[in-house]
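Q: Quick one: sequence and predicted model below, then my questions.
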Amino acid sequence: MALTLEQVRHVATLARLSLTPEEEQRFTTQLSAVLDAVDQLQALDVEAVAPTCHATLTSSRLREDVTRPSLPPEKSLANAPAKSDTSFAVPKIIE
Amino acid sequence: MQLTDLTMLELAAKLAAGAVSSEEATRASLARIQQVDPKVRAFLRVDEAGALAAARASDARRKAGGPASALDGVPLGLKDIFLTEGVETTAGSRILEGFVPPYDATVVRLLKEAGLPLVGKLNMDEFAMGSSNESSAFFPSHNPWDVSRTPGGSSGGSAAAVAAREVFGALGTDTGGSIRQPAALTNTVGLKPTYGRVSRFGVIAFASSLDQPGPMTRTVADAAALLQVIARPDAQDATSADAPVPDYSADLEAGVRGLKLGVPREYFTEGMDSEVEAAVREALREYERLGATLVDVSLPHTKYALATYYLIAPAEASSNLARYDGVRFGLRAKDARSLRDVYALTREQGFGAEVKRRIMLGTFALSSGYYDAHYLRAQKVRTLIREDFTRAFQQVDALLSPTSPVPAFKLGEKVEDPLSMYLMDIYTLPCNLAGLPGLSVPCGFTKAGLPVGLQVLGRPFDEAGLLRIARAYEREHDFFRRSAPL
């Protein structure tokens, strides 16, 4: 299926990507080509087939719900681009 | 023969005999890196101080009479997707440049506990998305067999480093062929374990239902030994398998007499390089000579695997990569004034073209109005692909095929054509969709001297069977002894 430029812009907004005009053009062409290629799945009758949602081949592991040591704040914040005391800092969102 | 030409197990034997120290082996590895890596460019960063400290600790342990494991002291490289406490980890992306993990991945912890010095972090396609290492944000790695060509991807730096004898072995990850394809292109052994066999905790996520770490080595026995160290249930990975871990080396030399080996007809298709096909067909005849029975099998949904994969993997990636938002770690766009700009500008500046392409594709496949037609449908076809394998394994013990349809291609050849790049994984990605183990073992060279790989696919948790089958071939053809012309 062919994607329109508007669809590409909408998807970029959903994906929180601020694309350049050149990227919007390029992705419109390239993603349309990929979607054409994956369109072959439409030919299969999968009405009665259950989806595979994960690849786990044994039962899932569960652990006891007990508290364990976790990273101290200074380690958790060590890579933060901006921080304030023991918090990650971002631009003000409420005026 | 140089020290760096030894296999992991040969080095381990010399360490055990006291003929060489881990510090000597690690220094040899570091010297080899200095000598050939300007041409190969396998490493994103070398941790000389950390590796030498670990080597000296290993030597001290051995002197005190207590090596930590059979591989104590054997230097190893890590794909830059594994979190290493205190050592920068980028997954080949600008968005993680400067990120220094506060903890080790479970497999890194296991390697450290087993005493293996970790010499550095190896180049990869950005977030493991690619088949040539060219989507690395930093530089492409080169194939030691012909430096104008790709070593494959996404674990291309790992494969190149092992093939160039810069390290004795390495860890990679495989989401659609990222261990096996580069192994095939570099005359090395690559093993993608069963989904859940090796912990994903601390492994930077690409597609969580497909990703699996595994060994990349020069020999089958080395792969078995390395898998022995990392195959472990892990309470910190909810998808980690409880299945018992066997002794992967116990049956290595048991041969293939009496085994039924399937040859899936859908894996011998048009578009395959004729020299690759000839080498693989010759390997099939070798298995017959060794006493195995070849069985023609059909995996009828194979032709849908690529489309299925390129909906599921990008969908999972678009979700996993939402965490790179400029808030907690990595890059933050300098010119962002609002929180929304922090997200959108950081991601625009931090991600490369292939990653953006896949995030866009995955976001689209999951978006309202398209979810049922694309993502859900792909999940259903995934079931059909799994069932193909289940039926085949009722007839045969394992499946044999080429690993890659072509030998190493020129750097730059496919970069502008994503679809032709995606075709590099047609024989490897069905295995990930089904969660099965798969292995690539060297099976010869083209006339131009480029390596060819044979793929062995097996039943869930039958890594030991795959290793045994691959070893039977390797015993007759020790291609791993050939060294790349560097």
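A: Here it is on my side, so go on. Numbers count the residues shown, from 1 in each chain, chains lettered A, B, ... in the order given.

Q: how long is stretch B:157-173 from one end to the other?
A: 12 Å (CA to CA, to the nearest Å).

Q: same question but for stretch A:67-84, I mixed them up
A: 26 Å.

Q: can you list contacts of it?
A: The contact list for stretch A:67-84, computed with CB atoms under 8 Å, 6 or more residues apart in numbering or on different chains, reads A:86, A:88-90, B:98-100, B:102-103, B:326-332. C-beta coordinates here come from the backbone N, C-alpha and C atoms, glycine included.

Q: Let's see that with 7 Å instead.
A: For stretch A:67-84, contacts defined as CB atoms under 7 Å, 6 or more residues apart in numbering or on different chains pick out A:86, A:88-89, B:99-100, B:102, B:326, B:328-329, B:332.

Q: what do you get for stretch B:415-434?
A: So stretch B:415-434 is contacted by A:30, A:33-34, A:37, B:131-132, B:134, B:174-177, B:180-181, B:192, B:210, B:267, B:302, B:305-306, B:308-310, B:357, B:382, B:385-386, B:389, B:401-405, B:414, B:438, B:455, B:457 (CB under 7 Å, 6+ apart).

Q: Give me the buried positions along that stretch.
A: If you call a residue buried by 16 or more other CB atoms under 10 Å in any protein chain shown, then stretch B:415-434 has these buried ones: B:415, B:418, B:421-434.

Q: which residues touch the spatially most central residue of chain A?
A: Central residue of chain A (CA atoms, centre = their mean): residue A:15, 7.0 Å from the mean position. Residue A:15 makes contact with B:318, B:359-360, B:363, according to CB under 7 Å, 6+ apart.

Q: ok, and the most crowded of the residues you listed?
A: For these, neighbours were counted using other CB atoms under 10 Å in any protein chain shown, and residue B:359 has the most, 29 neighbours in all.

Q: residues touching it, list them.
A: So residue B:359 contacts A:15, A:17, B:317-318, B:321 (CB under 7 Å, 6+ apart).

Q: taking those one by one, which sit in helices?
A: Those of the contacts of residue B:359 mapping onto helices are B:317-318, per DSSP state H.

Q: that older thread, could you identify the most distant pair in the contacts of residue A:15?
A: B:318 and B:360 (7.9 Å; CB to CB).

Q: For stretch B:245-257, buried residues please.
A: Per 16+ other CB under 10 Å, stretch B:245-257 contains these buried residues: B:245, B:248-249, B:252, B:255-256.

Q: now, among these, which is nearest to chain A?
A: residue B:245 (12.7 Å; CB to the nearest CB).

Q: Leaving out sequence neighbours, find the closest residue to the closest one.
A: Once flanking residues are discounted, residue B:245 sits nearest to residue B:231: 4.9 Å by CB to CB, 6 or more residues apart in numbering or on different chains.

Q: go on, residue B:104?
A: residue B:85 (4.8 Å).

Q: How many neighbouring residues does that neighbour have?
A: 16.

Q: And what about residue B:457, helix, strand or coil?
A: strand (DSSP: H, G, I helix; E, B strand; the rest coil).

Q: okay, it: pLDDT?
A: Note for residue B:457: predicted pLDDT of 98.

Q: Does the residue nearest to it when sequence neighbours are not counted fall in a helix, a strand, or a coil region?
A: Closest residue to residue B:457 apart from its sequence neighbours, by CB to CB, 6+ apart: residue B:399 at 4.3 Å. Per three-state DSSP, the local secondary structure of residue B:399 is strand.

Q: The helix or strand hosting residue B:454 pairs with which strands, parallel or anti?
A: Assigned by DSSP states H and E, residue B:454 belongs to strand B:451-458. Sheet partners assigned to strand B:451-458 using DSSP bridges are listed as strand B:398-402 (antiparallel), strand B:438-445 (antiparallel).

Q: so can I have CSV of these showing mean neighbour count, distance to residue B:70 and mean pLDDT?
A: Formatted as CSV, the strands paired with strand B:451-458 follow (neighbours: other CB atoms under 10 Å in any protein chain shown; distance: least, CB to CB, whole Å; pLDDT from 0 to 100):
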stretch, mean neighbour count, distance to residue B:70, mean pLDDT
strand B:398-402, 26, 26, 98
strand B:438-445, 28, 20, 98
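
Q: Tally up the residues packed near residue B:38, please.
A: Residue B:38: 8 surrounding residues under other CB under 10 Å.

Q: Am I right that residue B:120 is in a strand?
A: Yes - residue state for residue B:120 (three-state DSSP) corresponds to a strand.

Q: Neighbours of it, how many?
A: 29.

Q: was I right about it contacting residue B:42?
A: No - here residue B:120 does not reach residue B:42: they are 8.9 Å apart, not a contact under CB atoms under 7 Å.

Q: Do a quick rundown of the helices in chain A.
A: Going by DSSP H, chain A shows helices at A:5-14, A:21-38, A:73-76.

Q: Any chance of JSON lines for the ones you listed, columns mean pLDDT and mean neighbour count?
A: Listed next are the helices of chain A as JSON lines, based on pLDDT from 0 to 100; neighbours: other CB atoms under 10 Å in any protein chain shown:
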{"stretch": "helix A:5-14", "mean pLDDT": "97", "mean neighbour count": "17"}
{"stretch": "helix A:21-38", "mean pLDDT": "93", "mean neighbour count": "17"}
{"stretch": "helix A:73-76", "mean pLDDT": "94", "mean neighbour count": "13"}
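
Q: mind giving me JSON lines with these and columns for distance to residue B:464?
A: Below are these laid out as JSON lines (distance: least, CB to CB, whole Å):
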{"stretch": "helix A:5-14", "distance to residue B:464": "45"}
{"stretch": "helix A:21-38", "distance to residue B:464": "36"}
{"stretch": "helix A:73-76", "distance to residue B:464": "39"}
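
Q: Residue B:358: what's its closest spatial neighbour, skipping adjacent residues?
A: residue B:314 (4.2 Å).

Q: so what's that neighbour up against?
A: Contacts of residue B:314 (CB under 7 Å, 6+ apart): B:358, B:361-362, B:365.

Q: do the same with residue B:32
A: Residue B:32 neighbours (CB under 7 Å, 6+ apart): B:4, B:165-166.

Q: Let's verify it: helix, strand, or coil?
A: helix.

Q: Now it: closest residue in space that isn't a chain neighbour?
A: Nearest to residue B:32 is residue B:4, by CB to CB, 6+ apart, at 4.7 Å.

Q: what's the answer for residue B:137, then?
A: Nearest non-adjacent residue to residue B:137 (CB to CB, 6+ apart): residue B:94, at 4.5 Å.

Q: Got the phi and psi for the one you found?
A: Main-chain torsions, residue B:94, degrees, to the nearest 10: phi -60, psi -30.

Q: For stretch B:129-144, list every residue counted as buried.
A: B:129-138, B:140-144.

Q: What is the end-to-end distance of it?
A: Per CA to CA, stretch B:129-144 runs 22 Å from first to last residue.

Q: so how far is it off the chain centroid?
A: Its chain's average C-alpha position is 14 Å from that of stretch B:129-144, according to CA atoms, centre = their mean, to the nearest Å.

Q: which residues are contacting that stretch?
A: By CB under 7 Å, 6+ apart, the residues outside stretch B:129-144 that reach it are B:39-42, B:44, B:92-94, B:123-126, B:149-154, B:156-157, B:160, B:163-164, B:181, B:185-186, B:206, B:352, B:354-355, B:358, B:408, B:411, B:414-415, B:421, B:424-425, B:484, B:486.
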